[in-house]
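Asks: Any chance you could fold what I've pasted below:
(chains A and B)
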Protein chains: 2
Amino acid sequence: MSDKPLVLICYDLLTPMKGAIEAQGYEVALGWEMTPEQAAQARAIVHAGEHRLDPDFLLGLPNLELIANVSAGYDGVDVPWCRAHGIEVTHSAGLNADDVADQAIGLMIAAWRNIVVGDAQVKGGRWNNQARLRPGPGLKGKTLGVMGLGYIGEAVALRAEPFGLNVAWWGPNPKPEARWPRADSLLALAQASDILVVACRADASNAKAVSKAVIEAVGPNGLIVNVSRGSVIDEDALIAALKDGRLGRAALDVFAQEPTPPERWADVPNTVLTPHTAGGTTDSLPQMFGQAFENMRRQFAREPLLSPVAAG
Amino acid sequence: MSDKPLVLICYDLLTPMKGAIEAQGYEVALGWEMTPEQAAQARAIVHAGEHRLDPDFLLGLPNLELIANVSAGYDGVDVPWCRAHGIEVTHSAGLNADDVADQAIGLMIAAWRNIVVGDAQVKGGRWNNQARLRPGPGLKGKTLGVMGLGYIGEAVALRAEPFGLNVAWWGPNPKPEARWPRADSLLALAQASDILVVACRADASNAKAVSKAVIEAVGPNGLIVNVSRGSVIDEDALIAALKDGRLGRAALDVFAQEPTPPERWADVPNTVLTPHTAGGTTDSLPQMFGQAFENMRRQFAREPLLSPVAAG
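Replies: Numbering: from 1, shown residues only, chains lettered A, B, ... in the order given. The predicted structure is shown next:
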């Protein structure tokens, strides 16, 4: 038996990171194949917060001290339950906001200016010159509403300004230092917006907050971009609204279920869909893993954690 | 016979604009089906400058005074020849720079962050969680080279700044007022650039200026975006470099031949291709047509033209 702390991976997405965690000086076991002895020894989980960690599973890890999320989000972790059971939770704070915002703007333009559709036209031999005289609107002078003005929302807003987009935002907490106006409500933001970018942290308070009414307020000429979590949007309502034209377009990196079943989108028009790739690049992922590793080091050294999740 | 000035359309792309031109108080004929009488009477051509107007054809229009391009580019018009034959040439100056720059940034992100590829993965049922740990680079800290710092190039550069991209540029003429550094040559710009955005005006001086050497200088991890004209890039060299990995990616709105034959791109990896849609939106097209119509009004009223093409 090793005297190195035992760290678990409980999400198959992270299996390729086993060697990198071992290189930090830990033993690593995979949660779905660990022995009872490993369960008894496990002191930390390196995790990606969108994947659910069931409290019943965590109860079987009596020496667990820390869940170190490499992700910014931690919606799959019941933080109050963990705190009540003496388990610390950390996450990546702000490290991939630029990457996520880059992709949000890319999704916005790809949808608004028909880049994905155009690519298919060119490659499919369906380029028709007449179609050039059936253009869509430009971006300048339109209103971009940002739901959630955290690291990511602010990075989206800053990128939007030189496009001539008018930026507004809504979040549950006023931010007197924000340079853009806060709408009175999410519905009011949606009504004012041509494009709504969902960039908030997902939690129980905002499940399906982008409701049928909010979706219809963005409207038949509007676009909804989601780089937050699928849970924030009523996805069934979104699909229904796209199908009958009550919503113009949707550009989504996150889904109610991931991977999202392709048949769910087969007859849904005017979508751009990416496989939850906004937050990870070769620039930000090493930083995010580095922050998780530093949180583990501090936890085992009994030093203050670098990026615990916010109290609440 | 009408006493209204007779205006020609000589490019089938513009046929749908016949009614709008007539509504300005003109007779309109289509150049490919006009009568000899109409050829003798024609005083102006409403045109889109990427389409070639052959001097031999223009010689058959003895009363032609003006070629009013609705486009910014006028590479299909032999301006010195027209001037020598008493024909004025106008174009759209700056009106769609925002639209073109928007699409350039959209093409850049769509290619760099695999948005088109990701959309196909999701919709094709090929979303694989493991692929999330094979990410590509982010944008922050990379260098964006802009070829041609006119209205469009400057609009691209301004949009690029909040992404954390370092902007440099090259064009044949120094611009002491430019806020970004000018490279010593196009090749030097390409060597310094992760992403090269081609945004110059196309003319005889820069045909295939983006040569094999320039393409290889952008390199295996680099991206070339073209929103100028296909003529500026050696397209055969570009395709060969993409095929064997000497160039990383290309995102093109313009092509050597338009529509570009789809079989030309069938086995070329890492491309995003749009059907020359960057410059036209429902916001900018009415302005561009309005400027062409105003140039015609001024020409026939013997007033100074609003936007003649630059001397040269």
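
Asks: How far away from the center of its chain is stretch A:168-177?
Replies: Distance of stretch A:168-177 from its chain centroid, counting by Cα atoms, centre = their mean, to the nearest Å, is 19 Å.

Asks: And that stretch, end to end?
Replies: 14 Å (Cα to Cα, to the nearest Å).

Asks: How about stretch A:77-86?
Replies: End-to-end span of stretch A:77-86 (Cα to Cα): 14 Å.

Asks: Residue A:46 should be in a helix, yeah?
Replies: No: applying DSSP: H, G, I helix; E, B strand; the rest coil, one finds residue A:46 to be strand, outside a helix.

Asks: hang on, it packs against residue A:292?
Replies: Yes: judged on Cβ atoms under 8 Å, residue A:46 makes contact with residue A:292 at a distance of 5.8 Å. Heads up, the C-betas are built off the backbone N, CA and C, glycines and all.

Asks: Now the common contact residues for the two.
Replies: Shared contacts of residue A:46 and residue A:292 (Cβ atoms under 8 Å, 6 or more residues apart in numbering or on different chains): A:68, A:70.

Asks: any idea which element residue A:168 lies in?
Replies: Using DSSP states H and E, residue A:168 sits in strand A:166-170.

Asks: so what does that strand touch, helix or strand wise?
Replies: Packing partners of strand A:166-170 (3 or more Cβ pairs under 8 Å, 6 or more residues apart in numbering or on different chains; DSSP states H and E): strand A:143-147, helix A:151-160, helix A:186-192.

Asks: Any chance of these in CSV with mean neighbour count and distance to chain B as columns?
Replies: Compiled in CSV, these are given as follows (neighbours: other Cβ atoms under 10 Å in any protein chain shown; distance: least, Cβ to the nearest Cβ, whole Å):
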stretch, mean neighbour count, distance to chain B
strand A:143-147, 27, 13
helix A:151-160, 25, 5
helix A:186-192, 20, 19
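
Asks: export those to CSV and tack on mean pLDDT?
Replies: Below are the helices and strands packed on strand A:166-170 laid out as CSV (pLDDT from 0 to 100):
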stretch, mean pLDDT
strand A:143-147, 98
helix A:151-160, 97
helix A:186-192, 98
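
Asks: Redo these as CSV? Include distance to residue B:202.
Replies: Output for those, formatted as CSV (distance: least, Cβ to Cβ, whole Å):
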stretch, distance to residue B:202
strand A:143-147, 33
helix A:151-160, 29
helix A:186-192, 40
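
Asks: about what we covered before: show residues contacting the strand holding residue A:168.
Replies: A:141-149, A:153, A:157, A:160-161, A:178, A:180-186, A:188-189, A:192-193.

Asks: ok and it relative to strand A:143-147, angle-wise?
Replies: Between strand A:166-170 and strand A:143-147, the angle comes out at 20 degrees (axes from the mean of the first three to the mean of the last three Cα atoms, to 10 degrees).

Asks: tell me how far strand A:166-170 is from the chain's mean position?
Replies: Here strand A:166-170 is found 19 Å from its chain centre; the criterion is Cα atoms, centre = their mean.

Asks: Measure how that strand sits relative to helix A:151-160, angle-wise.
Replies: Going by the same axes, to 10 degrees, strand A:166-170 is angled at 170 degrees with respect to helix A:151-160.

Asks: quick check: mean pLDDT across the helix or strand that contains residue A:286?
Replies: Assessed by DSSP H and E, residue A:286 sits inside helix A:284-300. Average pLDDT, helix A:284-300: 95.

Asks: do the same with stretch A:59-71
Replies: According to the model, stretch A:59-71 has a mean pLDDT of 96.

Asks: which stretches of chain A aren't confidently modelled?
Replies: Across chain A, the ranges flagged by pLDDT under 70 are A:1, A:129-133, A:311-312.
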